[in-house]
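In: Return a 3D structure for these sequence lines:
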Amino acid sequence: MKIVIIGAVAGGTSAAAKARRNDEEAEIIIFDKDKDISYSGCGLPYYIGNKVKDRGELVPRDANFFKKKYNVDVFTQHEVLSIDASGKKLTVKNLNTEEVFVEEFDKLVVSTGARSVIPNIPGVDKNNVFYLRNVQSADRIKNFINENNPKKVVIVGSGFIGLEMTENLKELGIDVTVVELAPQVMPPLDKDMATYIERYLIKKTVNLILGDSVASIEGEVENTKLVLSSGNIIEADFVIMAVGIKPNAMIAKKAGIELGESGAIKVNIKMQTNYDYIYACGDCAESYSLITGQDIYRPLGSTANKTGRIVGDSITGGALEFRGILGTGIFKVFDLAVAYTGLSEKEAIKEGYEVVVCHNIKPDKAIYYGGEELTIKAVADKNTSKLLGVQIVGTNGVDKRIDVFATAITFGAKVEDLFHLDLAYAPPFSTTKDPVMYTGMILDNAINKRRELITPEELKARIKKGEKIKIIDARVSGQYEAGHVEESENIPQDKIRGILDGLDKDEITVTYCNKGVTGNAVQNILINNKFKKVYNLSGGFKNYKNGSPK
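Out: Residues are numbered from 1 along each chain as shown. All right, here's what the predicted structure looks like:
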């Protein structure tokens, strides 16, 4: 059997390695038009920022490595020009010699990755406008910085790459302006969580321009100006375009290989295309959601490695199948970690779920051992109590919690199950009731025990509509005087029982404190005294204040 693979980064090399482990006799060939193979694309911002000193750490393997270890022939700087799917042939061009030849295959793996989105605006092809996609593109950015000593950069886009580059360029002493078309940074997040990142970036003296876009890039390298759609003009020494990526699947489409709605290659659970002897993996292939079962496109290195392994196993008769993904992601920007898994609130609502949302603000470990706050937003299905998605922002312990949540969602956990997890505890690592457990408790109370929550956005909207709502600030007077929810009345917890007769039990009531615990305690008192409709403000005043205008 002759296996030919197009692409030698995460997916393609994983497929080759697994196929070889299963089958010693197969002939395995990989073509890649790049010079570098099997590199860590996710490490490129840190290479540019000098946190990774040695280029070789990101490119630890070459063609000789794969030949010696796996007996796989890797041909770099060989571009596959076309696929004859029914004839089982490829047309390949050697970019060094210009030779064009035909390569036959029994099984084909398409792992052509993704490419940067290049916006259709004047000036995007200037020599000081860069896209970060492979090691050579990182080399170009790094060389430009070393040779020109730039003082100002504009980063267009605030996704993973945009924010990681923000950190690394800022720490090189370069003034950073981020331009984002959406009205928030990191568009996959819900707005109320993105706001935490925005406030943090402003503290780090990053210039944020939200809800605007670049209309043109003008001037010479020494005098570059970005004209925005709003008419504003920004000066920059160079530009990083990070407006997203899209699947590099055109060669597959031209060969009659079916694409999904996302433009990525459509595959089944064995990673087969509409030709059962042609497979696809990595950033050029579609995935599907573990929660909804619908096809989605979430290009990540972890998924590329996973799907590559499945392809290698499938080709050689193995039983591995793709089980879908949650779209789990994590990144850091300076000292802040941001992670998410599953559905956001806006995605869950769009999918038709009746959602319950909580904001849980807790330390990652014992306060006396240096615990720092995590802000956890969790989304659950009111009708089934199943956890649908989680977003976390914090400085420590974010990765640990998001992985627990991702595992729980993968195995269909209900919110009440989270409290029963036997999680590791010691003061240097956690709190006695871990933030994961607290999140489950809050949602369980809201869904199953009548301790309903109201988000700051919902409270503001209902007040704006003119609804009559009694808002009780359950904190001590000093905290209330320092700042409080508009139209709220300060009734500390220790005084609430003494004035119950003076409150209207039929009136909609909202309780709150700093983060939610005392607000919930007062909510319990009111509900146990026959108050009919009592909400606790999700995340307390701290979460409410975060969403207020800057």
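In: For the rest of this, base every contact and every neighbour count on C-alpha atoms.
Out: OK.
In: Where does pLDDT dip in the stretch 151-300 of the chain?
Out: Judged against pLDDT under 70, the stretch 151-300 of the chain has no low-scoring part.
In: do the same with the chain
Out: 548-550.
In: The residue nearest the centre of the chain bridge partners, please.
Out: Central residue of the chain (C-alpha atoms, centre = their mean): residue 329, 3.9 Å from the mean position. In this entry, residue 329 is beta-bridged to residue 340, by DSSP bridges.
In: wait, what's in contact with it?
Out: 339, 340, 341 (C-alpha atoms under 8 Å, 6 or more residues apart in numbering).
In: Out of those residues, flag the one nearest to residue 304.
Out: Nearest to residue 304 among those is residue 341, at 17.0 Å by C-alpha to C-alpha.
In: residues in contact with the closest residue in space to the closest one that isn't next to it in sequence?
Out: Using C-alpha to C-alpha, 6 or more residues apart in numbering and skipping residues adjacent in sequence, the residue nearest residue 341 is residue 328, 4.1 Å away. Taking C-alpha under 8 Å, 6+ apart, we find residue 328 in contact with 339, 340, 341, 342, 406.
In: and residue 328, backbone torsions?
Out: Backbone geometry at residue 328, expressed as degrees, to the nearest 10, gives phi -70, psi 130.
In: Can you tell me how far it is from residue 141?
Out: 29 Å (C-alpha to C-alpha, to the nearest Å).
In: one step back: between the contacts of residue 328, which is nearest residue 45?
Out: Using C-alpha to C-alpha, the contacts of residue 328 come closest to residue 45 at residue 339, 18.0 Å.
In: surely that closest one meets residue 333?
Out: No - contact criterion C-alpha atoms under 8 Å: residue 339 and residue 333 do not qualify, at 11.3 Å.
In: Mind listing what's buried along stretch 104-118?
Out: 104, 105, 107, 108, 109, 110, 111, 112, 113, 114, 115, 116 (16 or more other C-alpha atoms under 10 Å).
In: now residue 383, nearest residue through space, not along the chain?
Out: Leaving aside its chain neighbours, residue 383 sits nearest to residue 354 (7.0 Å; criterion: C-alpha to C-alpha, 6+ apart).
In: I'd like the distance between that neighbour and residue 416.
Out: Separation of residue 354 from residue 416 (C-alpha to C-alpha) stands at 17 Å.
In: same deal with residue 163?
Out: Applying C-alpha to C-alpha, the value for residue 163 to residue 416 is 35 Å.
In: of the two, who's got more company?
Out: residue 163 (25 against 21; other C-alpha atoms under 10 Å).
In: Helix or strand: which one has that one?
Out: Element membership of residue 163 [criterion: DSSP states H and E] is helix 160-170.
In: Can you spell out which helices and strands pack onto that helix?
Out: Here helix 160-170 touches helix 44-48, strand 152-156, strand 175-180, strand 329-333, going by 3 or more C-alpha pairs under 8 Å, 6 or more residues apart in numbering; DSSP states H and E.
In: Adding distance to residue 261, write the ones you listed out as TSV.
Out: As requested, these are exported to TSV (distance: least, C-alpha to C-alpha, whole Å):
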stretch	distance to residue 261
helix 44-48	30
strand 152-156	26
strand 175-180	25
strand 329-333	22
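In: show me the contacts for residue 271.
Out: 279, 280, 281, 307, 310, 311, 314, 321, 322.
In: For residue 33, see how far away the closest residue to the fifth one other than its chain neighbours is.
Out: By that I understand residue 310. In this structure, residue 310 finds its nearest non-sequential neighbour in residue 320, 5.6 Å apart by C-alpha to C-alpha, 6+ apart. Distance from residue 320 to residue 33, counting by C-alpha to C-alpha: 29 Å.
In: Also residue 334?
Out: In terms of C-alpha to C-alpha, residue 334 sits 34 Å off from residue 33.
In: that older thread, quick one: buried ones out of the contacts of residue 329?
Out: Among the contacts of residue 329, those classed as buried by 16+ other C-alpha under 10 Å are 339, 340, 341.
In: So which of the residues you listed is the closest to residue 24?
Out: Set against residue 24, the nearest of these by C-alpha to C-alpha is residue 341 (38.2 Å).
In: picking that back up, more neighbours: which of residue 334 and residue 33?
Out: Between residue 334 and residue 33, residue 33 has the larger neighbour count (other C-alpha under 10 Å), namely 20 against 17.
In: So that one sits against residue 79, correct?
Out: Yes - with contact defined as C-alpha under 8 Å, residue 33 reaches residue 79; the gap is 4.5 Å.
In: who touches both of these two?
Out: Joint contacts of residue 33 and residue 79 (C-alpha under 8 Å, 6+ apart) are residue 95.
In: Secondary structure added to the buried residues of stretch 104-118, as CSV?
Out: Output for these, formatted as CSV (DSSP: H, G, I helix; E, B strand; the rest coil):
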residue, secondary structure
104, strand
105, coil
107, strand
108, strand
109, strand
110, strand
111, coil
112, coil
113, coil
114, strand
115, strand
116, strand
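In: Strands along the stretch 1-150 of the chain, start to end?
Out: Per DSSP state E, counting those that start in this stretch, the stretch 1-150 of the chain carries strands over the ranges 2-6, 27-32, 73-76, 78-84, 89-94, 100-104, 107-110, 114-116, 129-131.
In: Residue 391 is nearest to which of the ones you listed?
Out: Using C-alpha to C-alpha, those put strand 114-116 closest to residue 391, at 25.7 Å.
In: Output the contacting helices and strands for the closest one.
Out: Here strand 114-116 touches strand 245-247, going by 3+ C-alpha pairs under 8 Å, 6+ apart.
In: Give me the packing partners of the helix or strand following the strand it packs on, helices and strands only.
Out: Heading C-terminal from strand 245-247, the first helix or strand you meet, by DSSP H and E, is helix 250-254. Where contact means 3+ C-alpha pairs under 8 Å, 6+ apart, helix 250-254 is packed against strand 78-84.
In: isn't residue 251 right up against residue 84?
Out: No - between residue 251 and residue 84 there is no contact under C-alpha under 8 Å: 10.2 Å.
In: which residues are in contact with both of those two?
Out: Both residue 251 and residue 84 lack any common contacting residue under the criterion C-alpha under 8 Å, 6+ apart.
In: returning to that earlier point: could the contacts of residue 328 go into TSV alongside distance to residue 192?
Out: Shown next, in TSV, are the contacts of residue 328 (distance: C-alpha to C-alpha, whole Å):
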residue	distance to residue 192
339	14
340	13
341	16
342	17
406	21
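In: Please compare those by their distance to residue 457 and name the closest.
Out: Nearest to residue 457 among those is residue 340, at 20.5 Å by C-alpha to C-alpha.
In: The closest one contacts residue 394, correct?
Out: No - counting by C-alpha under 8 Å, residue 394 is not a contact partner of residue 340; they are 12.0 Å apart.
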